[in-house]
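Student: predicted model follows, preceded by the sequence.
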Amino acid sequence: MIACQAINKDAEPNTLMIRMPIEERDELIAEQPDIYYLKPHYAPHPCLLVRLGKVHRDALKDLLIGAWRRASTEKPRRSKSR
């Protein structure tokens, strides 16, 4: 999964959660806290919360493409059933 609707009760309505490295996430939040944010439930995870009503379409596209590229280069996880 690279992105999904943020469903935790603390997330604002109309928010998308996107997987990304924590370092990059923290930089985006510091630069544009009106668009990108985080809630305690999501803090330990490599993800970013995005206010869809405020993010520019091109920025959202770049975030999703970056998340897809990172996911496509990750090694598949081994099944725990073996």
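Tutor: Arrived safely, thanks for sending.

Student: hey, let's count contacts and neighbours off CA atoms from now on
Tutor: Noted.

Student: surely residue 68 forms part of a helix?
Tutor: Yes - remark: residue 68 belongs to a helix, assigned using DSSP: H, G, I helix; E, B strand; the rest coil.

Student: is it true that residue 8 touches residue 39?
Tutor: No - no contact is recorded between residue 8 and residue 39 when judged using Cα atoms under 8 Å, the distance being 9.0 Å.

Student: so who does residue 36 touch?
Tutor: Residues in contact with residue 36, defined by Cα atoms under 8 Å, 6 or more residues apart in numbering, are 28, 29, 48, 49, 50, 51.

Student: residue 13: which of those is nearest?
Tutor: Proximity to residue 13 was ranked across the contacts of residue 36 by Cα to Cα; first place goes to residue 51, at 8.3 Å.

Student: and the residue positioned nearest the centre of the chain, what pLDDT?
Tutor: Taking Cα atoms, centre = their mean, the centroid of the chain lies closest to residue 18, which sits 2.0 Å from it. We note a pLDDT of 98 for residue 18 in this prediction.

Student: my read: it touches residue 48, true?
Tutor: Yes - the pair formed by residue 18 and residue 48 meets the contact definition of Cα under 8 Å, at 5.3 Å.

Student: strands of this protein, start to end?
Tutor: Listed in chain order, the strands of the chain (DSSP state E) span residues 3-5, 15-19, 36-37, 47-51.

Student: separation between residue 45 and residue 56?
Tutor: Going from residue 45 to residue 56 by Cα to Cα, to the nearest Å gives 24 Å.

Student: the closest residue to residue 38 other than its chain neighbours: neighbour count?
Tutor: In space, not counting the residues next to it along the chain, residue 38 is nearest to residue 49; the distance is 5.7 Å by Cα to Cα, 6 or more residues apart in numbering. Other residues near residue 49 come to 25 when the count uses other Cα atoms under 10 Å.

Student: alright, that wraps it up for me.
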